[in-house]
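**Student:** sequence unavailable; structure follows:
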């Protein structure tokens with residue numbers, strides 16, 4: 001069983017993203033293909049780095065490079081290091097974008113809850129894509145002024161935010177059967 005674990009780990013981390021990349025390319029979904037390839041490269045380089053580290057800790061790396069030219073090992077390390085640096089650029093950019101969207105969503109939820117406070121309106125959904133916010137609220141009357149929320153949100157985030165408000169009419173009914 002221990003002999004099959006590395007193969008299973010590699011198959012689990014490398015095969016799905018490369019399959020997604022292939023399917024996305026076949027469908028013309030370039031963004032999805034690029035993201036899947038980024039995940040594949042991240043996993044591939046992580047396996048190389050972790051595997052090399054384990055072999056070095058076990059003292060087996062010297063045996064593996066015994067017949068290699070002196071420069072070959074150094075070049076291999078340089079290629080892996082360069083790959084890691086190149087993969088970290090889009091990963092860092094993605095992390096910053098996700099973090100920014102989470103901040104916008106958190107602030108939007110907070111300000112929207114304050115905006116509808118004291119009314120019968122209920123916030124049911126908040127979606128953020130870039131600087132566009134989509135709100136869905138359930139109402140039974142006229143909502144508060146949207147520009148007021150937009151101004152507060154823009155001032156709070158220090159950037160203009162486009163708000164798309166979806167108003168879902170809400171009506172509640174109850175039925176209680178009479179006991180005889």
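**Tutor:** Yep, that arrived. Computed from a predicted structure; not experimentally measured.

**Student:** buried residues, stretch 96-115. List them.
**Tutor:** 101, 104, 107-108, 111-112, 115 (16 or more other C-beta atoms under 10 Å). C-beta: built from backbone N, CA, C; applies to glycine.

**Student:** how about stretch 44-57?
**Tutor:** 44-45.

**Student:** from residue 161, how far off is residue 7?
**Tutor:** 49 Å (C-beta to C-beta, to the nearest Å).

**Student:** these two: which is more packed in?
**Tutor:** Using other C-beta atoms under 10 Å as the criterion, residue 7 and residue 161 rank with residue 161 on top: 21 against 9.

**Student:** was I right to think that one contacts residue 155?
**Tutor:** No - with contacts counted by C-beta atoms under 8 Å, residue 161 stays clear of residue 155, the gap being 10.0 Å.

**Student:** what is the neighbour count of residue 73?
**Tutor:** Around residue 73 there are 14 residues (other C-beta under 10 Å).

**Student:** in three-state terms, label it for me.
**Tutor:** helix (DSSP: H, G, I helix; E, B strand; the rest coil).

**Student:** residue 32 too?
**Tutor:** When classified by three-state DSSP, residue 32 comes out as helix.

**Student:** need the pLDDT of the closest residue to it other than its chain neighbours.
**Tutor:** Take residue 32 and drop its neighbours on the chain: the residue closest to it by C-beta to C-beta, 6 or more residues apart in numbering is residue 24, 4.0 Å away. pLDDT recorded at residue 24 is 95.

**Student:** let me see the domain layout of the protein.
**Tutor:** Following automatic domain parsing, the chain resolves into domains at 5-99, 101-169.

**Student:** tell me which of those sits nearest to residue 175.
**Tutor:** Minimum separation from residue 175 across these (C-beta to C-beta) falls at domain 101-169, 18.6 Å.

**Student:** sounds good, over and out.
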